[in-house]
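Engineer: Here's a sequence, model it:
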Amino acid sequence: MSDQTALYVYALVRHAPGAADGVTGLDGRPLRLVRVPGTGFAALVHDASPAPFEGGDDQVRRWVDQQSRAVTAVWERVGSLLPMTFNVLVADEPPAADSPGGGGGGGRRAEQRLMDWLTERAPEITAQLDELTGRCELRVEITVDRTALAPQEASTPMGDTRLAARTAGMRRLLAKQREQNLRDAAGQLADTLHAEARHRLLSVAEDYRDRGRVHRAPDETDVLSAALLVRQEDIDTVGTVLTELGTRHPAVRIRFLGPWPPYSFTAENQGMGEAGAPGGAGSGAGADRAGTGGGL
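Structural biologist: Here you go, the predicted model:
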């Protein structure tokens, strides 16, 4: 008997025949679409064992990256998609305890369980797919580089010549004071920039979510880290807003990532059962979108 008694679910997508053709997921597994009867959407899945994918940090990051690439490939073909978190599995239903023969009766197969669950939520899922058509997620991270602040912002209590004539202990004290001055100046600039950048980005984005910091050098002060939901045609406008901000403030450092499927803007990331919210560590093609999984 095959041990492939579960479905690993990647996303819910607008049904489009052939949208998963040639797309592979975790460890090169071929993906397929399972259409939900009576609806216009399907589940993007591969056949799997009921056991969750577990491993070391590097292995999990590799799987998350593979999942992200697969979801993005299908999203680019269909235009609207609700991504799942990592490790969302739907298994065959266990036999009923009171079945004849001491538990010999079979429950629903994994695919039927998935179809039943999705059919119950069809209106909600359809509405979300409609809302996200033509939309994408962008990530923006803004910091202030303290080493690039203007000389007057980095001033010390005395000039370099007089500082050189001081004792080692006094030089250390003055260096600490200078570093604190830099931090204070960067903090004041960051507060001003946060309000300005948030206002400008909200004028373009349809939705905005604050995120935890992902990247920052030791000499940088956080300004803003956010996920934006924008129309595809507004991506360049977001880039223009950020370019203007960087031009006016040379000490600002901006990281602008995407476009990606709307991971941060789907209801509970469409997790099933005990599926968790996205989080985790990583970069690039989406390793920072890892999350805890769950299943039926």
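
Engineer: Val13: what's it in contact with?
Structural biologist: By CB atoms under 8 Å, 6 or more residues apart in numbering, the residues touching Val13 are 19, 33, 41-44, 74-75, 78, 80-82, 129. Backbone N, C-alpha and C define where each C-beta goes, glycine included.

Engineer: and of these, the nearest to Val204?
Structural biologist: Nearest to Val204 among those: Ser80, at 20.2 Å, using CB to CB.

Engineer: show me what contacts the closest one?
Structural biologist: Shown in contact with Ser80 (CB under 8 Å, 6+ apart): Val13, Arg14, Leu129, Asp130, Leu132, Thr133, Gly134, Arg135.

Engineer: redo that, cut-off 7 Å
Structural biologist: Residues counted as contacts of Ser80 (CB atoms under 7 Å, 6 or more residues apart in numbering) are Arg14, Leu129, Leu132, Thr133.

Engineer: For Gly239, state which of the residues you listed is nearest.
Structural biologist: Checking those one by one against Gly239 (CB to CB), the nearest turns out to be Leu132, at 21.1 Å.

Engineer: What's the local residue count around that closest one?
Structural biologist: Look at Leu132: counted by other CB atoms under 10 Å, it has 22 neighbours.

Engineer: Would you map the strands across the protein?
Structural biologist: For the chain, applying DSSP state E gives strands covering 6-14, 32-35, 41-48, 81-83, 89-91, 135-145, 207-210, 220-231, 252-260.

Engineer: Any chance of a markdown table for these, columns distance to Thr243?
Structural biologist: Formatted as a markdown table, the strands of the chain follow (distance: least, CB to CB, whole Å):
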| stretch | distance to Thr243 |
| --- | --- |
| strand 6-14 | 32 |
| strand 32-35 | 40 |
| strand 41-48 | 36 |
| strand 81-83 | 29 |
| strand 89-91 | 43 |
| strand 135-145 | 12 |
| strand 207-210 | 19 |
| strand 220-231 | 15 |
| strand 252-260 | 8 |
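
Engineer: These: which one's closest to Arg172?
Structural biologist: Across those, closest to Arg172 is strand 220-231 (CB to CB), at 22.6 Å.

Engineer: Which members of the contacts of Ser80 are classed as buried?
Structural biologist: Arg14, Leu129, Leu132 (16 or more other CB atoms under 10 Å).

Engineer: winner for burial among the strands of the chain?
Structural biologist: strand 81-83 (a mean of 27; mean count of other CB atoms under 10 Å).

Engineer: mind checking which of the strands of the chain is nearest Pro123?
Structural biologist: strand 41-48 (11.4 Å).

Engineer: Would you reformat the strands of the chain as a markdown table and include mean pLDDT?
Structural biologist: Shown next, in a markdown table, are the strands of the chain (pLDDT from 0 to 100):
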| stretch | mean pLDDT |
| --- | --- |
| strand 6-14 | 96 |
| strand 32-35 | 96 |
| strand 41-48 | 96 |
| strand 81-83 | 95 |
| strand 89-91 | 94 |
| strand 135-145 | 93 |
| strand 207-210 | 94 |
| strand 220-231 | 93 |
| strand 252-260 | 93 |
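
Engineer: All good on my end, thank you.
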